[in-house]
Every structure is written in C-alpha cells, then in structure tokens.
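>>> Quick one, what's the 3D model for this:
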Amino acid sequence: MTSWRGFHFDAYLENHSGYDDESPLLKLRCIVYGDAYSPYCWMISGSNVLTTSAWRGAGQLLARNPSIKRFELDSNEISQESFRVFMTALEGNTTIVNFTICENSRVGTNEGSRVLSAFLLRRKCPMVSLHLDALGISLSSFQILSPGIGRPGLCGRRVEELRLTGNDLSANTEEKRATLYHSLTNLSWLKTLDLEGCKLGNSG
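Residues are numbered from 1 along each chain as shown. Take a look at the predicted model:
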C-alpha cells in the first residue's frame, strides 16, 4: 500500500511549546511517504509518558501543520484525560485524512471511544481512513464509536475505510449477537471494512 521514498527525520518539541517545565521532550517522527494521500506521515510512537499539558501541546502543533495527511498514535502510555485533551487540540487540523491508533488500551474504553467519536463528528475535513488496531475495543465501546464513523458530521462526509484489526467484539448472548450483526450491517456503505484478527463470535 505504501511506497517508501527512503527519507525521514526526527523533530523534537521542547518545553517552551506550552508544556510543563518538567515535561520530557516529545519526539515526533516525520516520515515522507509516497502514498496516494500525501508525502507526509507524522507519528507519536513508543511508551513516552507525557503530561496532559505535553499532549495538549502536541495536538496544537499538529493542528497548525498544513502538510500532515497521515497520522499514527502508536503504543503510548496515554491516560484517558490526556487522550481527550490531545484530540480536542487536534480538532483544529483540517488536513489529516488517514488516522491510525495502535495498542493504546485506554483509547478502546467506552470513554475513549466517546472522545474519538466526538472528534470525528466535529472535524471540518473528512477522515477517509481510520485504523484502530488492538485497542481493546469491545462491543459496547464500538457502539459508542459508531456515530462518529456513520454520520457525516461537520465535513458532510463519512469515514470510507475502517480497520478494526485485533479487537474483541465478541457477543455471548443472542441479544448481543443481534446487536453486533446490526452494527456491522449498518457499515455496508464503507468502501473497506477490515476485521482481521477480531473476535466476533460467541466468547463463551
């Protein structure tokens, strides 16, 4: 899917960017992609334990960058409050169309899904592709997330490509299985739905 141009550089945000004085440096890796969206992909990766203020600063910086088309939040120790603050700051971005979140367990909770759904609905730019990998998303949190995926929101367009790889949507009652079936069939307008590695059946 992605062809590499073989160029990357590391950028560092320092404490003067609105962070607490005790905050560690936040490392953002900017990788030049040769994909169909844009040459720019930014990533915050690794177990960087940052303050809520630092996450707010990161969101504000990303919101001001007009070049970013693809963003990845990967394997971070982010609290629910920091995630909410980060996503609220990121709402100012109008260029990201491809968003990946991997292995952040607090994001897959009901509250995390509520924050992500609200973010998608308030965006003024369509989110073409959303990849939520191994976040611990359950059937209940998926239902909370669904409005953000299925409604056009402020931008007037819905998510076109959804990847829910490695999550557990197991339904262990007839009622829950009916809910899961209904939720998935309601996504029939998606151009791509990837459920690889998802648990979908009876967890009992």
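>>> Dead centre of this protein: give me the residue that sits there.
In the chain, the centroid-proximal residue (C-alpha atoms, centre = their mean) is residue 101; its distance is 4.2 Å.
>>> In a strand, residue 71, correct?
Yes - judged by DSSP: H, G, I helix; E, B strand; the rest coil, residue 71 forms part of a strand.
>>> Is it in contact with residue 40, as I believe?
No - using C-beta atoms under 8 Å, residue 71 makes no contact with residue 40, being 9.3 Å away. Heads up, the C-betas are built off the backbone N, CA and C, glycines and all.
>>> Where do the strands of this protein begin and end?
Here the chain has its strands, by DSSP state E, at 4-13, 26-33, 40-45, 70-74, 98-102, 129-133, 161-163, 192-194.
>>> Send me stretch 158-169 as PDB with only the CA atoms.
Extracted in PDB, the C-alpha atoms of stretch 158-169 (Å, rounded to 0.1, in the frame of the first residue of the first chain):
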ATOM      1  CA  ARG A 158     -18.400   9.700   6.500                       C
ATOM      2  CA  VAL A 159     -15.300   7.500   7.000                       C
ATOM      3  CA  GLU A 160     -14.700   5.500   3.900                       C
ATOM      4  CA  GLU A 161     -12.200   2.900   5.100                       C
ATOM      5  CA  LEU A 162     -12.400   1.300   8.600                       C
ATOM      6  CA  ARG A 163      -9.900  -1.200  10.000                       C
ATOM      7  CA  LEU A 164     -10.700  -2.700  13.400                       C
ATOM      8  CA  THR A 165      -8.000  -5.300  13.500                       C
ATOM      9  CA  GLY A 166      -7.200  -7.200  16.700                       C
ATOM     10  CA  ASN A 167     -10.100  -6.100  18.800                       C
ATOM     11  CA  ASP A 168     -12.600  -8.200  20.700                       C
ATOM     12  CA  LEU A 169     -16.200  -7.600  19.600                       C
END
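>>> give the contact list for the closest residue to residue 52 other than its chain neighbours.
Closest residue to residue 52 apart from its sequence neighbours, by C-beta to C-beta, 6 or more residues apart in numbering: residue 82 at 4.7 Å. By C-beta atoms under 8 Å, 6 or more residues apart in numbering, the contact list for residue 82 reads 50-52, 55.
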